[in-house]
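1. let's see this in three dimensions:
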Amino acid sequence: MRVALRMLRQRPAAAVATYLALWFAVAMVTACGLMLESGIRYHGTVQRYAGSTVLVATTDLSVSSGSGEDRSVERYPLPERARVDTSLVNRIAQLPGVRLAAADVAAPGQLAIGAGSPGYAVSTHPWSAAALTPFTLQAGGAPTTNGEAVVDAQLAATAKVRLGQQIRIAAASGTRTFRVSGIAAATGPAVDQSTVFVDDSEAEALAGHPGWAEVIGVVAEPGVDRTALTNAVAAALPPTADRAVDAYPRVYAGPERGVVESPDVADGRDFVIAVSSVFGGATLLIAILVIAGTVGLSVKQRHRDIALLRAIAATPRQVRRLVIREAVVLGLLASITADRGARRVICRTPRDRRDSRLARRRHAGRRRRAVDCGHECAR
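-> Here you go, the predicted model:
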């Protein structure tokens, strides 16, 4: 090992070239590996349905081919959720271990307070589905009759909505006027889109497709096994027909609920998996060729040193071991530094970068104040 380190110091250019080739190879392969892992494991963030245990929704298109043992089924993500029959709610609610089953339907619209007031993009949902969400009443009461609505606290603060105030919601099915009966606040992470809860019949009318829902949420009783409940809900779904192309409702539990909340995540996951696999494999093949050429050129440039070692009775095995040890040393150094660098770049979110910049600015401000204080003390 000492001989290998000395030869590296004697030929720094070859050592640096080999190190850089190894560093870039490890960094690229690590970055592609992290992207591949993220694409496989990421299912979206569960926000709106954080209070649910299991979700039933139709988010993909099933395409089957062949028959019998040769039959294969491939699923392709849909750009938006397909509809689910609301008659499944009563069937699922009767299953053991189910505390609550509710159908949810979203109706996008614009909320306005009065003439000339700015509009706010909102998503209208039935109040029965509020148990699936992190929202709880902060003030007022639930919408018990038609014409009443509950507004989330963040929207109420932004639009300056008060209890008892009249609001108008314009949706694709028409414009309706509601009286604010309550204000709900999210107990967990804030939901990205502003939410308005109305009576179930009003939500169906705004959505425009009575008898059909986008999601059916299930809340389990305390102590119920989630896997057993998932299997029971899946068994309660209607059997899939033997058709070549069709969309069927499926059961989602755990992190998979994020796919229901954000259908575009599934398409993004497939893209990330494909891109990271292709680039990772191509990078690995190119890295092998480049590193082999770099190490071979480094050995060729030291043929006189190797000949001198052979002249003093060094065996070919010892020479090969010397070259391998040099490559191992450079490989370990490159792997450690490149892995840390790739993880810092890939794993850091924009929020982490913003927080880091803010921390540096605060630190610089404290240093300037300390310097100014020192100048004042010197005076």
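2. what secondary structure does the residue nearest to the spatial centre of the chain sit in?
-> Centre of the chain computed as the mean C-alpha position; nearest residue by CA atoms, centre = their mean is Gly44, 3.7 Å away. Counting by DSSP: H, G, I helix; E, B strand; the rest coil, the backbone at Gly44 sits in coil.
3. what is the neighbour count of the closest residue to it other than its chain neighbours?
-> What sits nearest to Gly44 in space, not counting adjacent residues and going by CB to CB, 6 or more residues apart in numbering, is Gly258, at 2.7 Å. To be clear about C-beta, it is placed using only N, CA and C from the backbone, and glycine gets the same treatment. For Gly258, the neighbour count with other CB atoms under 10 Å is 19.
4. for the one 4 residues further on, same thing?
-> For Ser262, the tally of surrounding residues (other CB under 10 Å) stands at 18.
5. next: the one 5 residues further on.
-> Applying other CB under 10 Å, we find 14 residues neighbouring Asp267.
6. contacts only, for Asp267.
-> Residues near Asp267 by CB atoms under 8 Å, 6 or more residues apart in numbering: 77, 79.
7. so it sits in a helix?
-> Yes: judged by three-state DSSP, Asp267 forms part of a helix.
8. quick check: pLDDT value at it.
-> If you check Asp267, the pLDDT there is 73.
9. how much space between it and Arg75?
-> The gap separating Asp267 from Arg75 is 12 Å, by CB to CB, to the nearest Å.
10. the strands in the stretch 151-300 of the chain, which residues?
-> Using DSSP state E, counting those that start in this stretch, the strands of the stretch 151-300 of the chain run over residues 166-171, 174-186, 194-198, 212-213, 215-220, 245-246, 250-253.
11. could you measure from the residue nearest to Tyr252 when sequence neighbours are not counted over to Lys160?
-> Ranked by CB to CB, 6+ apart and with sequence neighbours excluded, the top spatial neighbour of Tyr252 is Leu55, at 4.6 Å. Distance, Leu55 to Lys160, using CB to CB: 34 Å.
12. tally of neighbours for Ser117?
-> Neighbourhood size, Ser117 [other CB under 10 Å]: 13.
13. cool, Arg162 as well?
-> For Arg162, the neighbour count with other CB under 10 Å is 13.
14. now the one 4 residues further on
-> Using other CB under 10 Å, Gln166 has 13 neighbouring residues.
15. OK, contacts around it?
-> With CB under 8 Å, 6+ apart, Gln166 has these contacts: 113, 177-180.
16. hmm, try it at 6 Å
-> Residues near Gln166 by CB atoms under 6 Å, 6 or more residues apart in numbering: 177, 179.
17. ok, it to Arg310 distance?
-> 96 Å.
18. on that earlier part again, quick check: beta-bridge partners of the residue nearest to Tyr252?
-> Note on Leu55: beta-bridge partners Gly217, Tyr252, judged by DSSP bridges.
19. which stretches of the stretch 1-150 of the chain form helices?
-> Per DSSP state H, counting those that start in this stretch, the stretch 1-150 of the chain carries helices over the ranges 2-10, 12-41, 88-93.
20. same for the last one, what does it pack against?
-> Taking 3 or more CB pairs under 6 Å, 6 or more residues apart in numbering; DSSP states H and E as contact, the helices and strands that helix 88-93 lies on are strand 98-104, helix 226-236.
21. recalculate using a threshold of 10 Å.
-> strand 54-65, strand 98-104, strand 215-220, helix 226-236 (3 or more CB pairs under 10 Å, 6 or more residues apart in numbering; DSSP states H and E).
22. for that helix, give the mean pLDDT please.
-> What helix 88-93 shows for mean pLDDT is 90.
23. what do you get for the first one?
-> Averaging the model's pLDDT scores along helix 2-10 yields 63.
24. measure Pro263 to Arg310 for me?
-> Using CB to CB, Pro263 is found at 67 Å from Arg310.
25. and those two? which has more neighbours close in?
-> Applying other CB under 10 Å to Pro263 and Arg310 shows that Pro263 carries more neighbours, namely 20 against 13.
26. looking at it, the more buried one is touching Ala106, isn't it?
-> No: counting by CB atoms under 10 Å, Pro263 does not reach Ala106; the two are 11.7 Å apart.
27. anything in contact with each of these two?
-> Shared contacts of Pro263 and Ala106 (CB atoms under 10 Å, 6 or more residues apart in numbering): 81, 214.
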